[in-house]
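Colleague: Got a sequence here, can you build the structure:
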Amino acid sequence: MENELQKLGPDELAIAGQVLFGDRWQTELSKALGLSDPRRIRQWLSDKEKSNYRGIPKGIWEDIFKLLEERGEEIRKTLIFLKNRN
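Modeller: As a prediction, the model looks like this:
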C-alpha cells in the first residue's frame, strides 16, 4: 500500500475531497482531517511543481480512505432504508 500512496497526488486529493464534501471541499476536508489551517490543503494542491514538494503525507491518505469508507457505508445504509420504505 505504501507504493500506492506515493502515486496519489493533488488530482486524487481533489477527486476525494469533492466526492466527500462537494464545492466547499477544501475547508470541509481540512476540518474533517483536524488540520488547524485549511491553507494546508491548498498547499498540497499547488506545491507539486516546486522542487521541494514533499507530497501529501501517508497518514492523510489513510484518514481520507477512512472518510470515504465511512461515507460509503452511510450511503449504503441510507439506500437500504429508503428501498425498504417502498
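Colleague: drop to CA atoms for contacts and neighbour counts, all remaining ones
Modeller: Fine.
Colleague: So which bits of the helix or strand hosting residue 43 are buried?
Modeller: Per DSSP states H and E, residue 43 falls inside helix 39-46. Burial within helix 39-46, assessed by neighbour count using 16 or more other CA atoms under 10 Å, is assigned to 41, 44, 45.
Colleague: Tell me the one of those nearest residue 72?
Modeller: residue 41 (22.5 Å; CA to CA).
Colleague: how near is the closest one to residue 19?
Modeller: 15 Å (CA to CA, to the nearest Å).
Colleague: quick one: average confidence on the longest helix out of those in the chain?
Modeller: Scanning the chain for the helix with the most residues, using DSSP state H, yields helix 58-84. Helix 58-84 shows a mean pLDDT of 96.
Colleague: Show me what that helix is packed against.
Modeller: Secondary-structure packing of helix 58-84 (3 or more CA pairs under 8 Å, 6 or more residues apart in numbering; DSSP states H and E): helix 2-7, helix 10-21.
Colleague: List just the nearest of the buried residues of helix 39-46 to residue 69.
Modeller: Nearest member of those to residue 69, counting by CA to CA, is residue 41, at 20.4 Å.
Colleague: Find the nearest non-adjacent residue to the closest one, please.
Modeller: Counting by CA to CA, 6 or more residues apart in numbering, residue 41 lies nearest to residue 26, which is 6.2 Å off, once chain neighbours are set aside.
Colleague: what comes up buried for the helix or strand where the one you found lies?
Modeller: Per DSSP H and E, residue 26 falls inside helix 25-32. Residues of helix 25-32 classed as buried: 25, 26, 27, 28, 29, 30 (neighbour count, 16+ other CA under 10 Å).
Colleague: follow-up on the earlier one: how far off helix 25-32 does the helix holding residue 43 point, in degrees?
Modeller: 130 degrees (axes from the mean of the first three to the mean of the last three CA atoms, to 10 degrees).
Colleague: distance of residue 17 from residue 60?
Modeller: Residue 17 is 12 Å from residue 60, by CA to CA.
Colleague: I should have written residue 39 there, sorry.
Modeller: 15 Å.
Colleague: do residue 36 as well
Modeller: 14 Å.
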